[in-house]
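A.B. asks: got a predicted structure plus its sequence, pasted below:
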Amino acid sequence: MISIKRSVVAVSCALIAAGAVASSHREAPNITRHPALDSTDFYAFNSYEEGREGYVTFIANYIPLQDAYGGPNYFAMDPNAQYSIHIDSNGDAVEDLSFVFEFQSMLAAENEGIALPIGAAGEEKMVKVPLKNIGPVSADDQSAANFSEMYSLTMVSGDMQSGERTTLTPSAGDMFTKPLDYIGNKTFTSEAEYARYAESFIYSFSIPGCDDMAKVFVGQRKDPFVVNLGKTFDLVNYVPVEGDSSPGAGDGDGFPGGITQSDDNDDLADKNVTSISVEVPSACVTGDGNGVVGSWTTASLPQARILNPDATFDSPEVNGGAMTQVSRLGSPLVNELVIGIGDKDTFSSAHPSDDGQFADYVTHPALPELLNILFKDAVNTTLGTSIETLAPTNFPRNDLVAAFLTGFPGVNQQATVTASEMLRLNTGIPATPAADQSAFGVAGDDLAGFPNGRRPGDDVVDIALRVVMGRLCYPIPVNGEDTDLGLCTEEDASVGNVPFTDGAPVDASMTDASFPYLKTPIAGSE
């Protein structure tokens with residue numbers, strides 16, 4: 001009984017966290033000191049590119065809030081870090097398969113950097129240039145690039161510490177490499193040419209024991225996450241309820257003073273991220289489970305880092321000791337607005353199997369009460385009501401436990417249920433084509449979307465806001481029919497049927513419909 005209770009309270013953390021209204025950009029004190037290791041978003045979904053049925057795509061985004069013009073060094077990965085995507089095939093909250101990425105940075109001219117002859121004839125000196133390129137770069141000619149990144153890809157079968165490690169290699173060429181960031185259009189000519197250049201860094205590779213080839217891409221992309229970030233963290237400086245009769249109607253017939261949908265509400269509209277994308281045959285990751293996999297991403301550093309007082313490009317520091325996890329992300333929003341600030345770094349370093357330690361943040365979640373404090377009086381004044389509390393009153397929050405601990409039978413419930421925070425995906429549910437996807441996922445009668453995995457076009461902010469405020473206490477559409485889940489009652493959630501929103505719309509049309517799915521990054525210069 002104690003074990004079951006711990007499982008319940010631990011994994012419900014995943015949904016409570018999803019009620020937050022920001023993604024995992026700079027979500028914990030320590031990770032703000034390591035931006036190259038800061039995971040911003042994690043996606044896991046059945047591939048919906050035409051002709052890629054039977055494949056699963058995992059996308060781990062890192063290095064948040066990239067300004068496209070952020071030269072001259074732009075946004076390289078940490079060459080001392082390990083970036084990993086973990087997959088649990090049976091639900092025991094322990095990785096059964098991991099893909100581990102390690103990066104190496106190189107300068108041109110045998111790692112010395114390009115030098116130019118400077119000075120009068122006969123008195124010239126060869127002087128190294130300060131830029132990452134000295135001329136145009138393209139898919140056909142990269143000789144002007146002064147900087148490059150390569151990476152190794154290792155598959156670990158079993159536990160990360162003791163599992164069998166296999167080095168994976170590209171089917172063409174001898175190494176995996178990463179494109180330069182989108183410096184601008186004098187360097188790359190045009191967006192179309194940068195896209196062509198970046199596509200040349202998509203690699204196929206084989207997985208031992210797997211009949212079909214997998215794909216991988218690592219490189220800069222447009223940040224796909226959409227959120228009203230600044231106003232949200234300013235004590236939710238807007239009325240987070242739809243102000244129109246329906247999103248985008250423009251009639252003002254929704255909640256009085258409520259926010260309406262506009263791209264202007266997206267504070268990440270001009271930001272890029274660095275994306276690690278892997279597409280693998282689903283049969284190669286499901287193991288002996290029931291076809292539902294849990295997944296998450298981590299970034300780790302060696303335990304000791306000693307700065308070099310005479311730093312060079314090759315040796316700015318000396319690193320040693322055991323690899324130590326400093327970043328972690330599965331379901332969106334968990335560490336940002338759920339875990340108390342004093343425990344955020346602990347969560348970043350924790351393994352999913354240890355999530356029971358965060359139970360106090362789950363059984364009595366703070367976010368609904370914060371929204372109640374901020375908005376109850378205003379709601380009652382506006383509507384002339386006397387609602388006692390906007391926060392759901394069913395404790396413990398069994399609706400959240402069912403949604404994110406046990407999953408829904410036949411949707412995203414794993415063969416074994418273990419206390420953990422992971423993004424769970426049923427590989428047996430066919431992907432929904434991009435044109436037919438609902439941004440509201442399962443709640444929008446689209447079983448292929450969040451919280452059954454997560455696609456780039458899923459509006460996890462609006463979905464999560466509504467669920468944390470009690471949406472599951474009301475009937476939801478299942479296969480086109482309103483269904484009472486029996487998890488709680490309407491009386492438990494006074495505003496559970498209210499269309500909460502941050503006013504920043506997102507859908508599948510805002511991303512690509514083929515691997516690596518995320519759009520070409522924003523140019524540093526037009």
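C.D. replies: Yep, that arrived.
A.B. asks: tell me who's in contact with residue 185.
C.D. replies: Shown in contact with residue 185 (Cβ atoms under 8 Å, 6 or more residues apart in numbering): 191, 194, 523, 525, 526. To be clear about C-beta, it is placed using only N, CA and C from the backbone, and glycine gets the same treatment.
A.B. asks: secondary structure element holding residue 26?
C.D. replies: Here residue 26 is covered by no helix or strand, with elements defined by DSSP states H and E.
A.B. asks: in this protein, which ranges drop under the pLDDT threshold?
C.D. replies: Along the chain, the model assigns pLDDT under 70 to residues 1-24, 333-337, 339, 401-407, 419.
A.B. asks: show me where it has helices.
C.D. replies: Under the criterion DSSP state H, helices of the chain are mapped to 2-18, 108-111, 185-188, 191-199, 229-233, 334-337, 344-349, 360-363, 366-383, 398-401, 460-468.
A.B. asks: pipe those helices into JSON lines and attach distance to residue 89 per row.
C.D. replies: What follows is the helices of the chain, written out as JSON lines (distance: least, Cβ to Cβ, whole Å):
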{"stretch": "helix 2-18", "distance to residue 89": "17"}
{"stretch": "helix 108-111", "distance to residue 89": "41"}
{"stretch": "helix 185-188", "distance to residue 89": "40"}
{"stretch": "helix 191-199", "distance to residue 89": "31"}
{"stretch": "helix 229-233", "distance to residue 89": "35"}
{"stretch": "helix 334-337", "distance to residue 89": "22"}
{"stretch": "helix 344-349", "distance to residue 89": "24"}
{"stretch": "helix 360-363", "distance to residue 89": "25"}
{"stretch": "helix 366-383", "distance to residue 89": "31"}
{"stretch": "helix 398-401", "distance to residue 89": "23"}
{"stretch": "helix 460-468", "distance to residue 89": "24"}
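A.B. asks: what about burial for the contacts of residue 185, which qualify?
C.D. replies: Listed as buried from these are 191, 194, 523; burial here means 16 or more other Cβ atoms under 10 Å.
A.B. asks: for these, which one is nearest residue 40?
C.D. replies: Distance to residue 40, by Cβ to Cβ, is smallest for residue 523 among the buried ones among the contacts of residue 185, at 20.1 Å.
A.B. asks: now do the contacts for the closest one.
C.D. replies: 68, 182, 183, 184, 185, 188, 191, 194.
A.B. asks: now swap in residue 443 and tell me
C.D. replies: By Cβ under 8 Å, 6+ apart, residue 443 lies in contact with 463, 466, 467, 471, 476, 477.
A.B. asks: show me what the fifth one bridges to in the sheet.
C.D. replies: This points to residue 476. Counting by DSSP bridges, residue 476 forms beta bridges with residue 483.
A.B. asks: tell me how far it lies from residue 200.
C.D. replies: Computed with Cβ to Cβ, to the nearest Å, the distance linking residue 476 and residue 200 is 44 Å.
A.B. asks: between these two, point out the one with more neighbours.
C.D. replies: More neighbours surround residue 476 than the other of residue 476 and residue 200, with 19 against 13 (other Cβ atoms under 10 Å).
A.B. asks: thought the more buried one was touching residue 482?
C.D. replies: Yes: counting by Cβ atoms under 8 Å, residue 482 is a contact partner of residue 476 at 7.0 Å.
A.B. asks: which one of the helices of the chain lies nearest to residue 29?
C.D. replies: Comparison of these against residue 29 by Cβ to Cβ identifies helix 344-349 as nearest, at 6.1 Å.
A.B. asks: circling back to that earlier point, pick the one among the buried ones among the contacts of residue 185 closest to residue 323.
C.D. replies: The nearest member of these to residue 323, counting by Cβ to Cβ, is residue 194 at 33.8 Å.
A.B. asks: who's in contact with the closest one?
C.D. replies: Neighbour list for residue 194: 182, 185, 188, 520, 521, 523 [criterion: Cβ under 8 Å, 6+ apart].
A.B. asks: tally of neighbours for the residue nearest to residue 422 when sequence neighbours are not counted?
C.D. replies: Excluding the flanking residues, the one nearest residue 422 by Cβ to Cβ, 6 or more residues apart in numbering is residue 294, at 3.4 Å. Applying other Cβ under 10 Å, we find 31 residues neighbouring residue 294.
A.B. asks: likewise for residue 329?
C.D. replies: If you count neighbours by other Cβ under 10 Å, residue 329 ends up with 27.
A.B. asks: residue contacts, residue 75?
C.D. replies: Per Cβ under 8 Å, 6+ apart, neighbours of residue 75: 36, 63, 66, 181, 220, 272, 274.
A.B. asks: correct me, but residue 248 touches residue 505?
C.D. replies: Yes: counting by Cβ under 8 Å, residue 248 touches residue 505, with 7.2 Å between them.
A.B. asks: these two: which is more packed in?
C.D. replies: residue 505 (19 against 11).
A.B. asks: could you pull up the residues touching residue 78?
C.D. replies: By Cβ under 8 Å, 6+ apart, the residues touching residue 78 are 34, 36, 37, 103, 299, 301.
A.B. asks: and the closest residue to residue 257 other than its chain neighbours, how far from residue 375?
C.D. replies: With sequence-adjacent residues excluded and distances taken as Cβ to Cβ, 6+ apart, residue 257 is closest to residue 239, at 5.0 Å. As for residue 239, its distance to residue 375 is 8 Å (criterion: Cβ to Cβ).
A.B. asks: do residue 412 as well
C.D. replies: Counting by Cβ to Cβ, the gap from residue 412 to residue 375 is 31 Å.
A.B. asks: more neighbours: these two, which one.
C.D. replies: Neighbours were counted for residue 412 and for residue 375 using other Cβ under 10 Å; residue 412 has more, 24 against 17.
A.B. asks: so that one is in contact with residue 290, correct?
C.D. replies: No: if you go by Cβ under 8 Å, residue 412 and residue 290 don't touch, sitting 10.5 Å apart.
A.B. asks: wait, doesn't residue 149 sit right on residue 77?
C.D. replies: Yes: judged on Cβ under 8 Å, residue 149 makes contact with residue 77 at a distance of 6.5 Å.
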